[in-house]
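1. only geometry, no sequence info:
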């Protein structure tokens, strides 16, 4: 939900579906936060964390539950309002990753969950390094659907045919997401699944920006056809979604050495 200039209308399209996003989007497994701690070389408990592009607070809540002192940064009015409604005691700052409204060297950890691809990577990396203290960590992650599962691969093929230009609502591998140069990223991939109703699965699909900017009629037509297909595969009305979380973490360099 962080708008680069050319992506602003699509990035802010989530505002019109904030409640749907909060209700239907998947969270993240505990193992991803274990991996963040390992790669950041510090526990989350007590860490001053900035969750950028926080959306409705899915990752913000989980970081808070792990003991991090979290400030959420979100540009969208509707998404920020939904976040504040569900997490009223946590600070929410209106802003985006290209221009963080935060003090220099004020954070131990900056996270982007499903959000880095909305930034200008060069601007956002410079801002993250400014706001991180030396030795702090920048953590970027995405839920990516597991295309080794046949029904998910079939759905992805239908999505790509429908949208054209290679677009989908399933995500793609982290190494294709313009990670900033000049930082040494370590990577983890954490597989996980969740079981949800068919209604929730379709609401999850429909909450992606590709659908939100499309218009109601074609989006509803595709999702209705998808409902019919999946009802045959999942006659009990429960869908098992399979994901892998692609995580990349880089450590902010320390201050330059003084030479005489």
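-> Structure received. Bear in mind the structure is a predicted one, so any value in this text is a computation, not a measurement.

2. Residue 59 versus residue 16, what's the distance?
-> Remark: distance between residue 16 and residue 59 (CB to CB, to the nearest Å) = 21 Å. Bear in mind the C-beta positions are built from the backbone N, C-alpha and C, glycine included.

3. Counting neighbours, go ahead and name the busier of those two.
-> residue 59 (27 against 14; other CB atoms under 10 Å).

4. tell me the mean pLDDT for the helix or strand containing the more buried one?
-> According to DSSP states H and E, residue 59 maps onto helix 58-65. Per-residue pLDDT values over helix 58-65 give a mean of 98.

5. and it, what does it pack onto?
-> Contacts defined by 3 or more CB pairs under 8 Å, 6 or more residues apart in numbering; DSSP states H and E place helix 58-65 against strand 48-52, strand 69-73, strand 107-113.

6. try 10 Å this time
-> helix 30-40, strand 48-52, strand 69-73, helix 77-86, strand 107-113, strand 132-145 (3 or more CB pairs under 10 Å, 6 or more residues apart in numbering; DSSP states H and E).

7. Helix, strand or coil: sort out the residue lying closest to residue 191 once chain neighbours are set aside for me.
-> Closest residue in space to residue 191, ignoring its immediate chain neighbours: residue 244 at 4.6 Å, by CB to CB, 6 or more residues apart in numbering. Following DSSP: H, G, I helix; E, B strand; the rest coil, residue 244 is assigned to strand.

8. mind checking how far residue 244 is from residue 144?
-> Per CB to CB, residue 244 is found 5 Å from residue 144.

9. Counting neighbours, go ahead and name the busier of these two.
-> Between residue 244 and residue 144, residue 244 has the larger neighbour count (other CB under 10 Å), namely 20 against 17.

10. that older thread, could I get the helices and strands packed on helix 58-65 as JSON lines with distance to residue 182?
-> Formatted as JSON lines, the helices and strands packed on helix 58-65 follow (distance: least, CB to CB, whole Å):
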{"stretch": "helix 30-40", "distance to residue 182": "18"}
{"stretch": "strand 48-52", "distance to residue 182": "19"}
{"stretch": "strand 69-73", "distance to residue 182": "22"}
{"stretch": "helix 77-86", "distance to residue 182": "30"}
{"stretch": "strand 107-113", "distance to residue 182": "16"}
{"stretch": "strand 132-145", "distance to residue 182": "12"}
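
11. so can I have a markdown table of the ones you listed showing mean pLDDT and distance to residue 223?
-> What follows is the helices and strands packed on helix 58-65, written out as a markdown table (pLDDT from 0 to 100; distance: least, CB to CB, whole Å):
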| stretch | mean pLDDT | distance to residue 223 |
| --- | --- | --- |
| helix 30-40 | 98 | 28 |
| strand 48-52 | 98 | 29 |
| strand 69-73 | 98 | 29 |
| helix 77-86 | 94 | 21 |
| strand 107-113 | 98 | 24 |
| strand 132-145 | 96 | 16 |
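
12. Figure out which of these is closest to residue 224.
-> Minimum separation from residue 224 across those (CB to CB) falls at strand 132-145, 20.5 Å.

13. Tell me the strands beside that closest one, with direction?
-> strand 107-113 (parallel), strand 238-251 (antiparallel) (DSSP bridges).

14. one step back: tell me which of the helices and strands packed on helix 58-65 lies nearest to residue 229.
-> strand 132-145 (15.8 Å).

15. Beyond the closest one, next helix or strand please.
-> Downstream of strand 132-145 (by DSSP H and E), the next one is helix 150-163.

16. After that following helix, which helix or strand is next? Please name it.
-> Following helix 150-163 toward the C-terminus (DSSP H and E): strand 185-197.

17. Next, the angle strand 238-251 makes with that following strand.
-> Strand 185-197 and strand 238-251 are oriented at 160 degrees to each other (axes from the mean of the first three to the mean of the last three CA atoms, to 10 degrees).
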